[in-house]
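**Student:** how would this look folded up:
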Amino acid sequence: MQIMDELTRDIDEIALILRHFIKEKIVGFKKKGAVIGVSGGVDSAVILALCVQELGAKNVFGLLLPEKESAPSSNTLGAEICESLGVKYEEVPISPILEALDIYNKKDQVIKRTCPEYDPKIHETALVLPDFLSTGAVNVPYLKLFKDGEVAAQHRLKASDYLEIIGLQGVKQRSRMIVQYMYAEKMNYIVCGTTNKTELALGQFVKYGDGGVDIEPLADCYKTQVYALAKYLNVNEEIIKRPPSADTWSHYTSDQDFYWRMPIQVMDQLLYGQDHKMSLDVIEKNTGLPGETVQNALKHIERVKTSTEYIRAAPSTCFINR
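**Tutor:** Numbers count the residues shown, from 1 in each chain. Coordinates of the predicted model:
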């Protein structure tokens, strides 16, 4: 079996299923349309195109939600796809929200504790994890400082500082979702999410941030399938080729550098093989990885799934019997 062939087949049928799902849910919720946070990335571009095909451009609204550490290309590409599809959109910078909560200053303090040479005037920053295929199970986060596009320093991040930084960064996605619901409720629209199956499995989203939506059409589509959908829907090639990223660090940091720790084609084949209980030999032949590496990678994925289970879980409820 060729896993990549399985991942990329029947894309036209998948697109139709997703379109019908979007329409069915909007009708069921008695809403008029959909609000989408448009990031300039492939996931939101695919969702935007599907919504326009099924609902019509007049019933879709895009929100560009930049902050001062966002890549300028995110806004440019987001605006371009909205305009090309005839979708009305608005830009609402979230930097004032983050500044009011002192997020940037607090993050700078953590970075300075870890990187004494850090100067926010000259350095861009990124949070990275070692490449899994070359380092194995080593799971130590590092802060990197960049000056003029080159790595100026790299420091290991302590666990307590890592947790603090993750908490601060999560405020960005949660602030964006506040704005999306403000518009959605005013317009009587749903908020349509953009999280795909790969991200969902790995807990690669912020609870009550980009995970706090009304519907998630892509939740059963691996990232590889999202790329195939993008090609089928004629999404701008610049968006398709752009390395996917949460875009919350001043130095553009790809999901491969932090979340996946390996190329997405390898990650998706491992996830697909695990989900479909494929033999080690089949996964080994498809990925081109040695059997031992495949075994270790599958164990790593299982650990990630377990450690992020709380992110996917609904709030626990206490029932009192009287």
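**Student:** And the helices in the stretch 151-300 of the chain, which stretches?
**Tutor:** 159-187, 197-202, 223-232, 237-241, 255, 264-275, 280-287, 291-307 (DSSP state H, counting those that start in this stretch).
**Student:** Nearest to residue 57, out of the ones you listed?
**Tutor:** With C-beta to C-beta, the closest approach to residue 57 among those belongs to helix 159-187: 14.2 Å. C-beta: built from backbone N, CA, C; applies to glycine.
**Student:** Now stretch 109-123: buried residues?
**Tutor:** 110-111, 114-115, 118, 123 (16 or more other C-beta atoms under 10 Å).
**Student:** what's in contact with it?
**Tutor:** Contacts to stretch 109-123, defined as C-beta atoms under 8 Å, 6 or more residues apart in numbering, come from residues 108, 125, 143, 145-147, 152-153, 155-158, 161, 164-165, 168.
**Student:** Does residue 291 touch residue 284 like I think?
**Tutor:** Yes: using C-beta atoms under 8 Å, residue 291 is in contact with residue 284, at 5.1 Å.
**Student:** Of the two, which one has the most company?
**Tutor:** Shown here are residue 291 and residue 284; by other C-beta atoms under 10 Å, residue 284 has more neighbours (18 against 11).
**Student:** doesn't residue 290 make contact with that one?
**Tutor:** Yes: under the criterion of C-beta under 8 Å, residue 284 makes contact with residue 290 at 7.1 Å.
**Student:** Which other helices and strands does the lowest-mean-pLDDT helix or strand in the chain contact?
**Tutor:** The helix or strand of the chain with the poorest confidence is helix 132-135; it has a mean of 85 (mean pLDDT, DSSP states H and E). Contacts defined by 3 or more C-beta pairs under 8 Å, 6 or more residues apart in numbering; DSSP states H and E place helix 132-135 against helix 291-307.
**Student:** So residue 195 versus residue 215, what's the distance?
**Tutor:** 11 Å (C-beta to C-beta, to the nearest Å).
**Student:** I should have written residue 286 there, sorry.
**Tutor:** Distance, residue 286 to residue 215, using C-beta to C-beta: 32 Å.
**Student:** So for these two, which sits in the more crowded spot?
**Tutor:** The neighbour count for residue 286 versus residue 215, taken as other C-beta under 10 Å, is higher for residue 286 (22 against 19).
**Student:** dump the residue contacts of the nearest residue to the more buried one once chain neighbours are set aside.
**Tutor:** Excluding its sequence neighbours, the residue lying closest to residue 286 (C-beta to C-beta, 6 or more residues apart in numbering) is residue 3, at 4.5 Å. Residue 3 makes contact with 268-269, 272-273, 278, 282-283, 286, according to C-beta under 8 Å, 6+ apart.
**Student:** Identify the farthest-apart pair in the residues you listed.
**Tutor:** Most distant of these, by C-beta to C-beta, are 268 and 282, 14.6 Å apart.
**Student:** Of those two, give the one with the bigger neighbour count.
**Tutor:** The residue with more neighbours, out of residue 268 and residue 282, is residue 268; 25 against 16, by other C-beta under 10 Å.
**Student:** pretty sure the more buried one contacts residue 221?
**Tutor:** No: here residue 268 does not reach residue 221: they are 10.3 Å apart, not a contact under C-beta under 8 Å.
**Student:** so residue 145 sits in a helix?
**Tutor:** No: under DSSP: H, G, I helix; E, B strand; the rest coil, residue 145 falls outside any helix and is assigned strand.
**Student:** burial measure for it, as a count.
**Tutor:** Around residue 145 there are 22 residues (other C-beta under 10 Å).
**Student:** so what's it scoring on pLDDT?
**Tutor:** Note for residue 145: predicted pLDDT of 97.
**Student:** measure it to residue 38 for me?
**Tutor:** 30 Å.
**Student:** Where does the prediction get shaky in the chain?
**Tutor:** 137 (pLDDT under 70).
**Student:** before we move on, back to that, same list, the contacts of residue 3, but as CSV with distance to residue 229 please.
**Tutor:** As requested, the contacts of residue 3 are exported to CSV (distance: C-beta to C-beta, whole Å):
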residue, distance to residue 229
268, 14
269, 18
272, 16
273, 21
278, 23
282, 25
283, 24
286, 21
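**Student:** of those residues, closest to residue 48?
**Tutor:** Taking C-beta to C-beta as the measure, residue 48 lies nearest residue 268 of those, at 22.4 Å.
**Student:** so how far is residue 301 from that closest one?
**Tutor:** Taking C-beta to C-beta, one finds residue 268 at 11 Å from residue 301.
**Student:** Same question for residue 163.
**Tutor:** 22 Å.
**Student:** Which one's more surrounded, these two?
**Tutor:** The neighbour comparison of residue 163 against residue 301 (other C-beta under 10 Å) goes to residue 301, with 17 against 12.
**Student:** surely that one meets residue 270?
**Tutor:** Yes: here residue 301 reaches residue 270: they are 6.1 Å apart, a contact under C-beta under 8 Å.
**Student:** still on that earlier bit, and the helices of the stretch 151-300 of the chain: which comes nearest residue 76?
**Tutor:** Residue 76 sits nearest to helix 237-241 of all the helices of the stretch 151-300 of the chain, at 9.3 Å, using C-beta to C-beta.
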